[in-house]
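J.: with the sequence up front, the predicted model follows.
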Amino acid sequence: MADGVALAPGLYFVATPIGAARDITLRALDILRDADVLAAEDTRTLRHLMEIHGIPLNNRQIIACHDHNEAQVGGRLIRVLAEGKSVAYASEAGTPLVSDPGFQLSRAVIAEGIAVHTAPGPSAVIAALTVAGLPSDRFLFAGFLPATRAARQKALREVAGVQATLIFYESPRRLAACLVDMAEVYGDRDAVVCRELTKRFEEITRDTLPALAETYAAREVKGEIVVLVDRGVVEAPAEEDIEAALRAALQTASVKDASAAVAARLGLPKRDVYQMALRLT
């Protein structure tokens, strides 16, 4: 109980350190201390974190809830929540749901009309964006890329035109191949490789994608990896290309719908494209 106030019933998603144990928030420690039930992606990791910070279990069990059993364990936790109890859930490191378990549990709890809370804190996405030196006004977190080259390049092309800093998680053993594919798809864009953020051997490497691909080509890499890629330069489409897109769209859609679709696809003002569509009809 923090400051004499009992923890309100509901599900609490607790962000945990991605490296330095002291990065956990005071509120997160309060929740871990006061929750009726504890659940975790990795019970050993949470138990160790609580030991470091002197948070007693007080005969509470830590329920394992991970990718392989989330659907089944979710029902058990909902029954506990329905009794008016509080449940704290922590992923192994970072913020739950962000490339970690928790989404199925969150949806199920919300569907039951039970309160869901967050104790925000460490996240490798935000930590990497903070130190990368790339534009931070807009960013897209694209998670882990596919393991095979063809699927990976397809995924990279799907977000190539997004006007935002692109952020990916990658495994150490696939980093070199990933950077080669990024250089092929994105060309000479600036990029950053962040390794072991907040840990003892933290490393941040900034360069162009081709240069990074060369740097990591024959290098053995260990640890958690985040790759960030700068947005590409957008070239305005030629007027004849816009007209061609509109003529094709107008064959199956109204002026309004065709112009809206073309404007969205080419990143153009809807009003300007609509006026061009009217001239073509």
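T.: Received, thanks.
J.: ok so residue 30 is a helix residue?
T.: Yes. With DSSP: H, G, I helix; E, B strand; the rest coil as the criterion, residue 30 is assigned to a helix.
J.: okay, now it: neighbour count?
T.: Neighbours of residue 30 under the rule other Cβ atoms under 10 Å: 18. Heads up, the C-betas are built off the backbone N, CA and C, glycines and all.
J.: residue 53 now?
T.: 14.
J.: and residue 112, by the same measure?
T.: With other Cβ under 10 Å as criterion, residue 112 counts 12.
J.: same thing with residue 163?
T.: 13.
J.: also residue 31?
T.: Per other Cβ under 10 Å, the neighbour tally for residue 31 reads 24.
J.: and for residue 203?
T.: Neighbour count for residue 203, taken as other Cβ under 10 Å: 13.
J.: could you check how far it is from residue 44?
T.: Distance of residue 203 to residue 44, computed by Cβ to Cβ, to the nearest Å: 27 Å.
J.: just give the nearest non-adjacent residue to residue 247, would you?
T.: residue 280 (6.4 Å; Cβ to Cβ, 6 or more residues apart in numbering).
J.: make sure that neighbour is actually in contact with residue 249.
T.: No. Using Cβ atoms under 8 Å, residue 280 makes no contact with residue 249, being 10.2 Å away.
J.: these two: who's more crowded?
T.: Per other Cβ under 10 Å, whichever of residue 280 and residue 249 has more neighbours is residue 249, with 20 against 12.
J.: and residue 39, how far is that from residue 131?
T.: Per Cβ to Cβ, residue 39 is found 31 Å from residue 131.
J.: more neighbours: which of these two?
T.: residue 39 (30 against 16).
J.: pLDDT on the helix or strand where the more buried one lies, on average?
T.: With secondary structure defined by DSSP states H and E, residue 39 is part of strand 37-40. In this model, strand 37-40 carries a mean pLDDT of 98.
J.: note down every partner strand of that strand and its orientation.
T.: strand 62-64 (parallel), strand 86-90 (parallel) (DSSP bridges).
J.: touching, residue 81 and residue 9? I think so.
T.: Yes. Applying Cβ under 8 Å, one finds residue 81 in contact with residue 9, separated by 6.9 Å.
J.: give the burial count for residue 128, as a bare number.
T.: Residue 128: 27 surrounding residues under other Cβ under 10 Å.
J.: which SSE is the nearest residue to it once chain neighbours are set aside in?
T.: Using Cβ to Cβ, 6+ apart and skipping residues adjacent in sequence, the residue nearest residue 128 is residue 226, 3.9 Å away. For residue 226, the enclosing helix or strand under DSSP H and E is strand 225-229.
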